[in-house]
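*Asks:* Have a look at this fold, sequence not included:
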């Protein structure tokens, strides 16, 4: 069974890059794959790398990008990374060492990077995010709270009618923006926000947060915590049996995090996303087949964040193939017509095709009961 070659994906430090022979190897189209390799969000890395490698294999069976074979350069984009990612990326662009960026990382990193990339290479940002990105040369392809969170709150309010909500997230732009939007949605249902808190990454104990949540009298909680922070919170939530009095909703909990939480800690937990590994669509069936053909049956779990890097690679290739240098003066707001491979299903929206959004329920250590919103 085929496996990704070492040449297709190279994790490398900036100093090593300067000393390597890669700078002279212009036959490759080098894509910097920016993903968290450590810290709270490091749990996402294996799925993101594996999914991007599927796209590279597919592109290289064709004409690659710009007529060149595609090569991934893995760069740690974690908040906790030892070297600031914007310094690494700026150095690589200055040296002509990378041709494009595909980034699956938190929005705080995107905001830092947008100040140094400056339309020198195309930058595809793949995960769900808070919306409003208009930087030229940067294309955010993930869903926004208006597409994802609003419909999920609407569905849960109609099903469970919670009157009191808590909002808990990490302290950066995506949770804060999402919670601001959530409060607008909840006001339409005359629901009250009885707790709102923002936590640093890597908080060692979630027990005080869960105790405060229990005391708040909340009947529902929106969990906007990242990676391992979400895992720690859900484990404490389960141990304290808080599911007996409230439901949970998450926009960023994916299959790896679900498994790490443990089956006993997931009752009455809902997730909303445009992609789940087990979703039954033609697009996902084809993607799953290609993914496991390359990586085998014991590959990292398929999930929304990993699938986004697969989609980001193909979006990049189609952008450059169909629109040439237009990317330098375009942005997410331009809504360029990009036809590309994806594991997601799409439907026609007012501004063109947009991903179908699903509300799923945790059942054991898997998601099920997918409801289109």
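*Replies:* Great, that's in hand. Everything quoted here is computed from the prediction, not taken from an experiment. Residues are numbered from 1 along each chain as shown.
*Asks:* Every contact and neighbour count from this point should use C-alpha atoms.
*Replies:* OK.
*Asks:* thought residue 45 was touching residue 36?
*Replies:* Yes - with contact defined as CA atoms under 8 Å, residue 45 counts as touching residue 36 (6.2 Å).
*Asks:* quick one, which of those two is more surrounded?
*Replies:* Each of residue 45 and residue 36 has its neighbours counted (other CA atoms under 10 Å); residue 36 has more, 26 against 21.
*Asks:* Isn't that one up against residue 77?
*Replies:* Yes - Residue 36 is within contact range of residue 77, at 4.6 Å (criterion: CA under 8 Å).
*Asks:* which residues are common contacts for these two?
*Replies:* Counting by CA atoms under 8 Å, 6 or more residues apart in numbering, the shared contacts of residue 36 and residue 77 are residue 105.
*Asks:* Could you list the buried residues of stretch 332-342?
*Replies:* Neighbour counts over stretch 332-342 (16 or more other CA atoms under 10 Å) mark 332, 336, 338, 341-342 as buried.
*Asks:* and the end-to-end length of it?
*Replies:* In terms of CA to CA, to the nearest Å, the two terminal residues of stretch 332-342 are separated by 18 Å.
*Asks:* Kindly report the same for stretch 249-265.
*Replies:* Terminal residues of stretch 249-265 are spaced 14 Å apart (CA to CA).
*Asks:* mind listing what's buried in that stretch?
*Replies:* Buried residues in stretch 249-265, defined by neighbour count with 16+ other CA under 10 Å: 249-258, 260-261, 263, 265.
*Asks:* I'd like those laid out as TSV, including secondary structure and pLDDT.
*Replies:* Listed next are the buried residues of stretch 249-265 as TSV, based on DSSP: H, G, I helix; E, B strand; the rest coil; pLDDT from 0 to 100:
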residue	secondary structure	pLDDT
249	strand	98
250	strand	98
251	coil	96
252	coil	95
253	coil	96
254	coil	96
255	helix	96
256	helix	95
257	helix	95
258	helix	95
260	helix	96
261	helix	96
263	helix	89
265	helix	96
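*Asks:* nearest to residue 325, of the residues you listed?
*Replies:* residue 252 (33.2 Å; CA to CA).
*Asks:* Taking the buried residues of stretch 249-265 together, which two end up most distant?
*Replies:* Longest span within the buried residues of stretch 249-265, CA to CA: 251 and 263, 18.9 Å.
*Asks:* what domains does the record give for this structure?
*Replies:* For the chain, the structural domains run 6-143+280-350, 149-277+358-372, going by automatic domain parsing.
*Asks:* and residue 34, what is it in contact with?
*Replies:* Contacts for residue 34 (CA under 8 Å, 6+ apart) come out as 74-77, 101-105.
*Asks:* Out of these, list just those in strands.
*Replies:* Members of the contacts of residue 34 lying in strands (criterion: DSSP state E): 74-76, 101-103.
*Asks:* count of neighbours near residue 155?
*Replies:* Neighbour count for residue 155, taken as other CA under 10 Å: 14.
*Asks:* Can you tell me, leaving aside adjacent residues, what's nearest to it?
*Replies:* Spatially, and ignoring its direct neighbours in sequence, residue 155 is nearest to residue 373 (7.9 Å; CA to CA, 6 or more residues apart in numbering).
*Asks:* give me the number of residues near that neighbour?
*Replies:* With other CA under 10 Å as criterion, residue 373 counts 17.
*Asks:* among the domains of the chain, where is the model least confident on average?
*Replies:* Here those differ in mean pLDDT, and the lowest is domain 6-143+280-350 at a mean of 90.
*Asks:* Might you report the residue contacts of residue 181?
*Replies:* Counting by CA under 8 Å, 6+ apart, residue 181 makes contact with 145-146, 150.
*Asks:* Pick out the one among these with the largest number of neighbours.
*Replies:* residue 145 (21 neighbours).
*Asks:* is it fair to say that residue lies in a strand?
*Replies:* No - remark: residue 145 does not belong to a strand; assigned using DSSP: H, G, I helix; E, B strand; the rest coil, it is coil.
*Asks:* wait, doesn't it sit right on residue 130?
*Replies:* Yes - at 6.1 Å, residue 145 counts as touching residue 130 under the criterion of CA under 8 Å.
*Asks:* Spit out the residues that contact these two alike.
*Replies:* In contact with both residue 145 and residue 130: residue 178, using CA under 8 Å, 6+ apart.
*Asks:* SS state for the closest residue to residue 224 other than its chain neighbours?
*Replies:* Excluding the flanking residues, the one nearest residue 224 by CA to CA, 6+ apart is residue 169, at 4.2 Å. For residue 169, the secondary structure call by three-state DSSP comes out as strand.
*Asks:* One more: residue 189?
*Replies:* On the basis of three-state DSSP, residue 189 is classed as coil.
*Asks:* Please name the residues that touch it.
*Replies:* residue 157 are the contacts of residue 189 under CA under 8 Å, 6+ apart.
*Asks:* Check the one 10 residues further on too.
*Replies:* With CA under 8 Å, 6+ apart as the criterion, the residues that contact residue 199 are 168-171.
*Asks:* measure it to residue 109 for me?
*Replies:* Residue 199 is 17 Å from residue 109, by CA to CA.
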